[in-house]
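# Sequence and predicted structure are below.
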Amino acid sequence: MADDLKLGLNLGYWQRHADDATETVLAAERLGYDSVWTAEAYGSDAFTPLAWYGARTSRIKLGTSVAQLSARTPAATAMTAMTLDHLTGGRLLLGVGASGPQVVEGWYGVPFPKPLARTREYVEIMKRIWRREEPVTSDGEHYPLPYPGGAGLGKPLKLITHPLRPEIPLYLGAEGPRNVALAAEIADGWLPLFVFPEKIERMYGESLAAAGPGFDIAAMVHVIVTDDVAQAIDIVKMTLTLYIGGMGAKSRNFHADIIGRMGYADAAAKIQELYLAGRRDEAFRAIPDELADGISLVGPIERIRERLALWRDSPVTSLLAMGPRDEPTLRALRDAVHG
């Protein structure tokens, strides 16, 4: 239970057009938001916008939610994170995630199997790089260092630059119980995409048992401030339609799985069936309103303020708002969370 939720802003990744959110980020910093986060899939990358915003701000923390493991080697991510952390005075929050096989194999061109083992190995290598205790080696299956074979001339190396912080805060984007348990074991925080605050304890209580003091559960939450609750719920349902129906294969869709664990397995199966059959309007209508409402904060600010009690009573410690861009809305949300 979090009496004082931290409030962040999640900008996600660029959609169709390049989206410079500098004015939004500056407003969030003025209003005392704790953090701003960017993402990547197969469009804009997560780090470049943070460097851009970091150069224009002085206090707000800068998070990746998430940087794709398969987009870079562990050493490349560790170097990028160290550099950005230095340039922004120690403000980076590094969120990483394994994504899914469609993106990993279809876009990045690398194999997806064993995501938990790959994540563990990846994180351990980054931590060794930042600590600079010795030249980095790894005998892991996925990222062996030095590389076995090739020219046969690889040698263990140590990071040239001394990191500003030898322990950059690490978050894992995770949905499955075992992946959440891994976050609790090896990371400083967890970045869940869909959270039903009343159900998170039942769904992940055992997975979070190993989390240490200060472990940050930073939930990404759709926030829509409007007098038209039904319309706002429909906007959330449009996102759910895509994620449940199309962000994965019929045989393997992690987003559909999490909706099932929330208690909507039959609905998730129906939504996916309709979506993959090209009946997207029907898939949209098959999403229960209570599901879309339960994982979001929508409606007049008074309604949002009331529903925030559910989040305060949950294990969530940070709200990463997805949606608000104008200063009046950002201020209203801040006042609802901290007022």
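Sure, I can see it.
# Make sure I have this right: Met126 is in a strand.
No: counting by DSSP: H, G, I helix; E, B strand; the rest coil, Met126 is not part of a strand but helix.
# What separation do you get for it and Arg325?
As defined by Cβ to Cβ, to the nearest Å, Met126 lies at a distance of 32 Å from Arg325. (C-beta placed from N, C-alpha, C; glycine too.)
# measure Val223 to Ala292 for me?
When Cβ to Cβ is the yardstick, Val223 and Ala292 sit 13 Å from each other.
# re the thing from before, so Met126 and Arg325 - more neighbours on which side?
In this view Met126 and Arg325 are compared by other Cβ atoms under 10 Å, and Met126 has more residues nearby, 23 against 14.
# Mind giving me the packing neighbours of the helix or strand bottoming out on mean pLDDT in the chain?
Least confident helix or strand of the chain, by mean pLDDT, DSSP states H and E, is helix 254-259 with a mean of 84. Contact here means 3 or more Cβ pairs under 8 Å, 6 or more residues apart in numbering; DSSP states H and E; on that basis helix 254-259 packs against helix 229-246, helix 265-276.
# okay, those helices in TSV with mean pLDDT and distance to Asp19 next?
Formatted as TSV, these follow (pLDDT from 0 to 100; distance: least, Cβ to Cβ, whole Å):
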stretch	mean pLDDT	distance to Asp19
helix 229-246	93	17
helix 265-276	92	26
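# which one of the ones you listed lies closest to Leu145?
helix 229-246 (35.3 Å; Cβ to Cβ).
# Can I get that closest one in PDB? Just the C-alpha atoms.
Output of helix 229-246 as PDB, limited to C-alpha atoms (Å, rounded to 0.1, in the frame of the first residue of the first chain):
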ATOM      1  CA  VAL A 229     -16.900   8.500 -19.300                       C
ATOM      2  CA  ALA A 230     -18.300   6.100 -21.900                       C
ATOM      3  CA  GLN A 231     -16.200   7.700 -24.700                       C
ATOM      4  CA  ALA A 232     -13.100   7.500 -22.600                       C
ATOM      5  CA  ILE A 233     -13.700   3.800 -21.900                       C
ATOM      6  CA  ASP A 234     -14.100   3.300 -25.600                       C
ATOM      7  CA  ILE A 235     -10.600   4.800 -26.200                       C
ATOM      8  CA  VAL A 236      -9.100   2.400 -23.700                       C
ATOM      9  CA  LYS A 237     -11.000  -0.400 -25.300                       C
ATOM     10  CA  MET A 238      -9.400   0.500 -28.700                       C
ATOM     11  CA  THR A 239      -6.000   0.000 -27.200                       C
ATOM     12  CA  LEU A 240      -7.000  -3.300 -25.600                       C
ATOM     13  CA  THR A 241      -8.400  -4.500 -28.900                       C
ATOM     14  CA  LEU A 242      -5.100  -4.100 -30.600                       C
ATOM     15  CA  TYR A 243      -3.000  -5.600 -27.700                       C
ATOM     16  CA  ILE A 244      -5.300  -8.600 -27.000                       C
ATOM     17  CA  GLY A 245      -6.200  -9.200 -30.600                       C
ATOM     18  CA  GLY A 246      -3.200  -8.400 -32.600                       C
END
